[in-house]
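Participant: Sharing a sequence plus its predicted fold:
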Amino acid sequence: SAAVERRLAQFRAARGCCAGELRPREPRLVEPPREAAAADAAEGQRSSAAAEAPAWARPLLLKVLLWAVLLALFAELELGLPYFVLSLLYWMHAGTRGPAERRRGELSAYSVFNPGCAAIAGTLTAEQLERELHYRPAAGR
């Protein structure tokens, strides 16, 4: 949207008309300024280059391939299981966000990490479960 507005403003400036002008002008062919055309072409090349990146150049794929090669190496050294377990522990650590990385007011899915052990919406509590099951001790037993 901003790029379209910028191109429209450049077109109007090159054509020499303004927004308040009401008299009809004769149509003429106006080429966009070279700098704007070059900037638009570079922007298009960047977006198409990012979309057309080869499969082997994607960072996640490279990381998985590196992990698999290292797993094979450690398996050959008979250390495959410790490598696998340590890599799982690292992935768990890297995949979780600490309290400092949370946005203001964002609660953790685990209530013990929230201030006052506040539960998030939709959490099933023991009290709610007892209420819904109408938990009562059996009479006469």
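Facilitator: Good, I have the coordinates.

Participant: Poorly predicted segments of the chain, please.
Facilitator: Across the chain, the stretches falling below the confidence threshold (pLDDT under 70) are 17-53, 56, 97-99, 135-141.

Participant: quick one: the helices in it?
Facilitator: The residue ranges that make up the helices of the chain, judged by DSSP state H, are 2-15, 34-51, 59-76, 80-95, 126-133.

Participant: Can you add mean neighbour count and distance to residue 106 and give the ones you listed back as CSV?
Facilitator: In short, each C-beta sits where N, CA and C put it, glycine included. Conversion of these to CSV gives the following (neighbours: other CB atoms under 10 Å; distance: least, CB to CB, whole Å):
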stretch, mean neighbour count, distance to residue 106
helix 2-15, 12, 30
helix 34-51, 10, 30
helix 59-76, 11, 25
helix 80-95, 11, 16
helix 126-133, 10, 23
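
Participant: So for residue 117, which of those sits nearest?
Facilitator: helix 126-133 (13.0 Å; CB to CB).

Participant: Give me the helices and strands touching that closest one, please.
Facilitator: Taking 3 or more CB pairs under 8 Å, 6 or more residues apart in numbering; DSSP states H and E as contact, there are no helices or strands that helix 126-133 lies on.

Participant: Can I get it in PDB, CA atoms only?
Facilitator: The C-alpha atoms that make up helix 126-133 are tabulated as PDB, following Å, rounded to 0.1, in the frame of the first residue of the first chain:
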ATOM      1  CA  ALA A 126      -9.500 -29.900  40.800                       C
ATOM      2  CA  GLU A 127     -12.300 -27.800  42.200                       C
ATOM      3  CA  GLN A 128     -14.000 -27.400  38.800                       C
ATOM      4  CA  LEU A 129     -13.600 -31.100  38.100                       C
ATOM      5  CA  GLU A 130     -15.200 -32.000  41.500                       C
ATOM      6  CA  ARG A 131     -18.100 -29.500  40.800                       C
ATOM      7  CA  GLU A 132     -18.700 -30.900  37.300                       C
ATOM      8  CA  LEU A 133     -18.600 -34.600  38.500                       C
END
